[in-house]
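Asker: Fold the following.
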Amino acid sequence: MIHVYGVVEGLRELPPVAGVAGAPLRCRRVDGLELVVSDGPDAEVTQAAVLEHAEVVEGLMSRSAAVLPAQFGRPFGNEDDLAAAIRPKAAELSRGLKHVRGCVEFGVRVVGPTETPEASSGTEYMRARLEQERTLAKIDEPLAQLSRASSERAYLVPVDNAEAFRRAVHRLQVESPELTIVCTGPWPPYSFGAEGA
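Answerer: You can find the predicted model right below:
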């Protein structure tokens, strides 16, 4: 089985870590794309295997111009199966690499007051929902200005904006003390990753 960690651009060297189940890493080119893979048995979905996959992806981030992380747990039976899955998506994956080049992902979770009116008062319920949406928009707008894209409160942020992004989250927390705003990252761009790879 072939385990794929990601599609990379400008890989300077493989990370000094083993892949899932201790398998050595290698590069595989398909239609002009460079993939980082390892060979081995079909990996069970265990915490250790997921962490091994994540460690490789994080290692690729510091050694590549761009990384599209692959989903864990989608092994390919052989080289032909891998190539058959990648070829139809080569152009899309190339665009994806360009999109995430020089970026990291930040996650932002907003927890606010949970007092939602009873469903018996439709007007009050809708008013509360509208206020929640306004609050989320107030949080999202300044963060979106520092990122290239966002997805379910995941932001693709150019590395050069990472510190400004963290400061913006902190400023929003100070301006909205009724909310708890949690920022995680920087991470590899998992939310903007290689679908199907």
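Asker: in the chain, which spans are helices?
Answerer: With helices called from DSSP state H, the chain shows them at 47-61, 79-86, 90-100, 122-144, 162-175.
Asker: Out of the ones you listed, the one nearest Cys27 is which?
Answerer: Taking CB to CB as the measure, those were each checked against Cys27, and helix 47-61 came out nearest at 10.7 Å. Any C-beta I mention is one placed from the backbone N, CA and C, and that applies to glycine too.
Asker: mean pLDDT for the helices of the chain: which is lowest?
Answerer: Within these, the stretch with the lowest mean pLDDT is helix 122-144, showing a mean of 67.
Asker: What does the residue nearest to Val100 when sequence neighbours are not counted show for phi and psi?
Answerer: The shortest distance from Val100 to any residue that is not its chain neighbour, by CB to CB, 6 or more residues apart in numbering, is 4.5 Å, and that residue is Pro189. In this entry, Pro189 is assigned phi and psi values of phi -80, psi 60 (degrees, to the nearest 10).
Asker: Can you give me the pLDDT of Gly112?
Answerer: The score at Gly112 is 66. That number is its pLDDT.
Asker: coming back round to it: what's the burial count for the residue nearest to Val100?
Answerer: Residue neighbour count, defined by other CB atoms under 10 Å, stands at 30 for Pro189.
Asker: How about the contacts made by it?
Answerer: If a contact means CB atoms under 8 Å, 6 or more residues apart in numbering, then Pro189 has 67-69, 100, 103-105, 156 as its contacts.
Asker: For burial, what's the neighbour tally of the closest residue to Arg63 other than its chain neighbours?
Answerer: In space, and not counting its chain neighbours, Arg63 is closest to Arg12: 5.0 Å by CB to CB, 6+ apart. Applying other CB under 10 Å, we find 9 other residues in the vicinity of Arg12.
Asker: How about the one 5 residues further on?
Answerer: By the measure other CB under 10 Å, the count of residues near Val17 is 13.
Asker: That one and Val111, how far apart?
Answerer: Relative to Val111, Val17 is positioned 34 Å away (CB to CB, to the nearest Å).
Asker: quick one on the thing from earlier: mean neighbour count added to the helices of the chain, as a markdown table?
Answerer: Written out in a markdown table, the entries for the helices of the chain read as follows (neighbours: other CB atoms under 10 Å):
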| stretch | mean neighbour count |
| --- | --- |
| helix 47-61 | 18 |
| helix 79-86 | 15 |
| helix 90-100 | 17 |
| helix 122-144 | 13 |
| helix 162-175 | 15 |
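Asker: I am finished for the moment; much appreciated.
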